[in-house]
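Engineer: build me a structure from this.
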Amino acid sequence: MFTYDPAVPTVGGNFSLLPAGNYDLQITDTEERKTKNLDPMVNVTCEIINNPEFNGKTVFHNVSFIPKDKPGAGIASHFLKCIGQPWEGAIEVNPENWMGAKFKAKIGEREYVKRDGTKVKANDIKTIKPFDEDTLPF
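Structural biologist: Numbers count the residues shown, from 1 in each chain. So this is what the prediction gives:
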């Protein structure tokens, strides 16, 4: 657990990539970490739901809690709002409370280089919105 003031947002090896598109996700695990800049970060494990072809497939997402004067500040607040968690003002962030939360996500693909120099393709959550929100396009 840590305090955050928002006034101040895969797969390699033998795994297969999900096709780019819109999916319903449910959080199945969280792990607190730190970014390279030592800001708080939560690694979120999600599973696809409501999609018979891909139900149970795993997608990972990092939620970084960046200070308000840095690029990307506010993305974590949007994520918290979308999963129904407190997001305004100074808040106590408890990732254990995120378990079971559902949200909608636009998933794409990205390529990155691992520490050993290997190029890997992974699924990447591009945008999210609340689970019960069907009116806004991605």
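
Engineer: those helices in this protein, which residues are they?
Structural biologist: 75-82 (DSSP state H).

Engineer: any weak-confidence spans in it?
Structural biologist: Applying pLDDT under 70 to the chain flags the ranges 1-15, 135-138.

Engineer: so where's the longest strand in it?
Structural biologist: Ranked by residue count and defined by DSSP state E, the top strand of the chain is strand 21-34.

Engineer: buried sites along that strand?
Structural biologist: 23-27, 30 (16 or more other CB atoms under 10 Å). All C-beta spots, glycine's among them, are computed from the backbone N, C-alpha and C.

Engineer: tell me the contacts of the most centrally placed residue in the chain?
Structural biologist: Nearest residue to the geometric centre of the chain (CA atoms, centre = their mean): His61, 3.3 Å. By CB atoms under 8 Å, 6 or more residues apart in numbering, His61 lies in contact with 43-44, 46, 105, 125.

Engineer: returning to what we had before: quick one: which of the buried residues of strand 21-34 is nearest Arg110?
Structural biologist: Ranked by distance to Arg110 (CB to CB), the buried residues of strand 21-34 are led by Tyr23 at 15.8 Å.

Engineer: quick one: contacts for that closest one?
Structural biologist: 48, 51, 54, 59, 104-105, 107.

Engineer: next step: the residues you listed restricted to strands.
Structural biologist: Going by DSSP E, the strands hold 48, 59, 104-105, 107 from these.
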